[in-house]
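Peer 1: model this:
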Amino acid sequence: MRKVKSSIQTQRARRAFRVRSKVRGTAERPRLSIFRSNRFTVVQLIDDVTGKTMVHASSRELKEKGAKGTIAALVGKAIAERAKKAGIAKAVADRGSYRYHGRVKALVEAAREAGLSI
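Peer 2: Model (predicted):
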């Protein structure tokens, strides 16, 4: 008998590995790593050469309430503004094991509108 949970975790890990094998972040163009849970959305700009997080933003920090998609868009604007302050103009999106749909899409498009080149 198969363990359903472990096979789902394995599939998610494979998808994330597939995406991350093609996406690398540098100091000039860091990786925009997106994590979404059932309640929160967290995003980081990571330099993979040094292995350090340069900038981060989370929906936990926001005071606004509303739909998850609109909150994700606000997180995208916040990360773009913090990236500008840190002198970062370009990034490469790392969606992890998530589809480019819904909250992930809203976050990336909001970051683009706020001036971050992805």
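Peer 1: so which helix or strand of this protein has the lowest pLDDT on average?
Peer 2: Ranked by mean pLDDT, DSSP states H and E, the weakest helix or strand in the chain is helix 4-22, scoring a mean of 84.
Peer 1: which SS class is the spatially most central residue of the chain?
Peer 2: Taking CA atoms, centre = their mean, the centroid of the chain lies closest to residue 34, which sits 1.9 Å from it. Three-state assignment for residue 34 (DSSP: H, G, I helix; E, B strand; the rest coil): strand.
Peer 1: what's the answer for residue 70, then?
Peer 2: helix.
Peer 1: so how far is residue 20 from it?
Peer 2: Separation of residue 70 from residue 20 (CB to CB, to the nearest Å) stands at 28 Å. (C-beta placed from N, C-alpha, C; glycine too.)
Peer 1: between the two, which one's more packed in?
Peer 2: Each of residue 70 and residue 20 has its neighbours counted (other CB atoms under 10 Å); residue 20 has more, 17 against 14.
Peer 1: what residues are up against the spatially closest residue to that one that is not a sequence neighbour?
Peer 2: Residue nearest to residue 20 in three dimensions, not counting chain neighbours: residue 94, with 6.3 Å by CB to CB, 6 or more residues apart in numbering. Contact analysis of residue 94 by CB atoms under 8 Å, 6 or more residues apart in numbering lists 19, 20, 23, 25, 31, 32, 33, 34.
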